[in-house]
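Q: With the sequence up front, the predicted model follows.
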Amino acid sequence: MLSLCMSRSRLAALIVAAALFAGLAVALPLQAAPLTTSEREAIEAVIKDYLLKNPEVLRDALMELERRANAEESGKRAEALKQHKALIFDSPRGVVLGNPKGDVTVVEFFDYNCGYCKRAFTDMTELIKADPKVKFVLKEFPVLGPSSLDAARVAIAVRMQDKDGAKYLEFHRRLLGVRGEANRERALTAAKDAGADMARIEKDLASNEIKATIEESGKLAEALGIGGTPSYVIANEIVPGAVGFDTLKKKVDAVRKCGTATC
């Protein structure tokens, strides 16, 4: 049924469209006066009858609506990738693994309580091992609750005292490998086991850098339309989900060959 809150102009347009679809030679006056109950019922009956006889119209309309929405979303993402390129690929707040001067950069947004991110860790290490020219950037994106946020805060504190990423990578491996929920306590244990300076960790946890890092990742994710983890950014493309080593390598190779993640 048509919404009673719909403006008369929109309703009139829909009436005309329905009449045209039905092939009716009916001239409906576009008047300012409100529709009567009988007029509205008659119009609804025409539209209902047409749609019941031609249900493919709804399918086609929904498909077109989805196509337009996807095109609009793709356009927004492309603009966001262009606008935020420096922060996405070269922010000092990202953790850089692999080759810092690599010719292709893979960026991963992750959460320590994301089960698929545990699998993605193996994909990352395999890619770095197989391709010495890859630069891999990790971005803390704690979207799975307070415990994830607490774990991310400790992770950022580890990053702040680890220039070459070696301690962070060990910390990252340990925390992703824990059974159960990743939280502050388990993150601190992982940091200690990875050889971090725990006194400095406690000090840095109160730093503004922690908040700034999380806010930066959150704003980038919002601009790019990223809502889940893991999510990757490779050249001009956003790749959602734990897609696996083969897909990541294929996209890296495509960037080298074509300049885009998909040739």
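A: Here it is on my side, so go on.
Q: Quick one: residues contacting residue 181.
A: Applying Cβ atoms under 8 Å, 6 or more residues apart in numbering, we find residue 181 in contact with 113, 147. For the C-beta atoms, the positions are set from N, CA and C on the backbone; glycine is no exception.
Q: do the same with residue 228
A: Contacts here follow Cβ under 8 Å, 6+ apart; on that basis residue 228 touches 143, 240-241.
Q: who wins for most neighbours among these?
A: Counting neighbours by other Cβ atoms under 10 Å, the top entry in the contacts of residue 228 is residue 143, with 19 neighbours.
Q: so what's that one closest to, chain neighbours aside?
A: Nearest in space to residue 143, with sequence neighbours left out and distances taken as Cβ to Cβ, 6 or more residues apart in numbering, is residue 111 at 5.6 Å.
Q: mind checking how far that neighbour is from residue 223?
A: Residue 111 is 18 Å from residue 223, where distance means Cβ to Cβ, to the nearest Å.
Q: Name the residue in those two with the higher neighbour count.
A: residue 111 (23 against 17).
Q: so which strand or helix has residue 136?
A: If you go by DSSP states H and E, residue 136 is part of strand 134-140.
Q: In terms of secondary structure, what does that strand contact?
A: strand 95-98, strand 104-110, helix 115-130, helix 146-160, helix 208-224 (3 or more Cβ pairs under 8 Å, 6 or more residues apart in numbering; DSSP states H and E).
Q: returning to what we had before: can you give me phi and psi for the residue nearest to residue 143?
A: Note on residue 111: its backbone torsions stand at phi -140, psi 130 [degrees, to the nearest 10].
Q: and it, what does it touch?
A: 117, 141-144, 148, 152, 229.
Q: For residue 41, see how far away it is.
A: Distance, residue 111 to residue 41, using Cβ to Cβ: 53 Å.
Q: What residues sit buried inside stretch 114-129?
A: For stretch 114-129, burial by neighbour count (16 or more other Cβ atoms under 10 Å) applies to 114, 117-118, 120-121, 123-125, 127-128.
Q: When you compare pLDDT across the residues you listed, which one is lowest?
A: Ranked by pLDDT, those bottom out at residue 118 (91).
Q: My understanding was that it contacts residue 176; is that so?
A: Yes - using Cβ atoms under 8 Å, residue 118 makes contact with residue 176 at a distance of 5.0 Å.
Q: Could you report the pLDDT at residue 81?
A: Value for residue 81, per-residue pLDDT: 90.
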